[in-house]
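[1] just need the structure, nothing else, for what follows:
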Amino acid sequence: MTRKVVDCRRFPSETNCSLTISGEEEEVLRAAGEHAASVHGHENTPELREQIRGMLEDEKVSA
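    Numbering: from 1, shown residues only. Next up, the predicted model:
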């Protein structure tokens with residue numbers, strides 16, 4: 001299974017957040033939703049998690 005990554009640096013925010021979250025897709029969605037709510041003030045809703053799902057990228061494995 002390919003690990004997924006979401007990186008706050010790719011999205012503008014007032015906090016200039018630099019957090020990157022990686023793991024299995026559902027783990028990343030759960031953690032990113034919680035992070036978006038606690039740090040960025042978003043409501044952790046199914047709609048937010050679907051938006052995050054659209055931002056996920058495959059983790060690049062370095063050789």
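[2] pLDDT value on Ala63, please?
    Model confidence at Ala63, given as pLDDT, is 65.
[3] any idea how far Glu34 is from Thr20?
    15 Å (C-beta to C-beta, to the nearest Å). C-beta here means a position set from N, CA and C on the backbone, and glycine is covered the same way.
[4] same check, this time on Glu24
    16 Å.
[5] what ranges do the strands span in the chain?
    4-7, 20-23, 57-58 (DSSP state E).
[6] which stretch among these comes nearest Arg30?
    Closest of the strands of the chain to Arg30 is strand 20-23, at 9.2 Å (criterion: C-beta to C-beta).
[7] give me the contact list for that closest one.
    3-9, 28, 31-32, 35, 59 (C-beta atoms under 8 Å, 6 or more residues apart in numbering).
[8] using PDB, list the CA coordinates for it.
    Extracted as PDB, the C-alpha positions of strand 20-23 are listed here (Å, rounded to 0.1, in the frame of the first residue of the first chain):
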ATOM      1  CA  THR A  20       3.800  17.400   7.100                       C
ATOM      2  CA  ILE A  21       1.700  14.300   7.800                       C
ATOM      3  CA  SER A  22       2.300  10.900   6.200                       C
ATOM      4  CA  GLY A  23       0.900   7.400   6.700                       C
END
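[9] mind listing what's buried in it?
    Neighbour-count burial for strand 20-23, counted by 16 or more other C-beta atoms under 10 Å, picks out 21, 23.
[10] so what's the gap between that strand and the chain middle?
    Here strand 20-23 is found 7 Å from its chain centre; the criterion is C-alpha atoms, centre = their mean, to the nearest Å.
[11] kindly report the same for stretch 44-53.
    Counting by C-alpha atoms, centre = their mean, stretch 44-53 comes out at 10 Å from the chain centroid.
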